[in-house]
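**Student:** Need coordinates for the following:
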Amino acid sequence: MKEFAAAEMNRSPADIFEAATVAPVAITKHRKPRFVVMSMERYETLTEGRATQVAVSVADMPPELGALLDKGLEDHFSGK
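**Tutor:** This next block holds a predicted model:
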């Protein structure tokens, strides 16, 4: 993935946008990737068919799934 420093957003935005038409580009801040710029088409492809986030209650979970969740949490916190 191509990278551009955040300061380049002011100096040469055309270069960043041109690169983003080919593939997503990383915008770095203090030499660490912080943001991604990509074409709208690419973004829509990545998010197609995904609904917005939905919160659900654990109480609504089927009992067998709840048991698996409990086991997984126990294993995780016991270091298994």
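**Student:** Which residues does A26 form beta bridges with?
**Tutor:** E3, V36 (DSSP bridges).
**Student:** For it, give me its contacts.
**Tutor:** 1-4, 33-36 (Cβ atoms under 8 Å, 6 or more residues apart in numbering). Backbone N, C-alpha and C define where each C-beta goes, glycine included.
**Student:** Show me the helices in the chain, by range?
**Tutor:** According to DSSP state H, the chain carries its helices in the segments 8-11, 13-22, 40-47, 63-77.
**Student:** What is the third one packed up against?
**Tutor:** Looking back up the chat, that one is helix 40-47. Using 3 or more Cβ pairs under 8 Å, 6 or more residues apart in numbering; DSSP states H and E as the contact test, no helix or strand touches helix 40-47.
**Student:** Need the CA coordinates for it. CSV is fine.
**Tutor:** The C-alpha coordinates for helix 40-47 follow below in CSV (Å, rounded to 0.1, in the frame of the first residue of the first chain):
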residue,chain,number,x,y,z
MET,A,40,-15.9,5.7,-3.5
GLU,A,41,-16.3,2.6,-5.7
ARG,A,42,-13.8,0.7,-3.6
TYR,A,43,-15.5,1.8,-0.3
GLU,A,44,-18.9,0.8,-1.6
THR,A,45,-17.5,-2.6,-2.6
LEU,A,46,-16.1,-3.2,0.9
THR,A,47,-19.3,-2.1,2.7
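**Student:** can you pull the buried residues of it?
**Tutor:** For helix 40-47, burial by neighbour count (16 or more other Cβ atoms under 10 Å) applies to R42.
**Student:** ok, back up a step: the contacts of A26, buried ones only, as a PyMOL selection?
**Tutor:** The following PyMOL selection, which keeps only the buried ones among those, applies the criterion 16+ other Cβ under 10 Å:
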select buried, resi 4
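**Student:** got CSV for the contacts of A26, with distance to M61 too?
**Tutor:** What follows is the contacts of A26, written out as CSV (distance: Cβ to Cβ, whole Å):
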residue, distance to M61
M1, 38
K2, 43
E3, 42
F4, 44
P33, 36
R34, 36
F35, 35
V36, 34
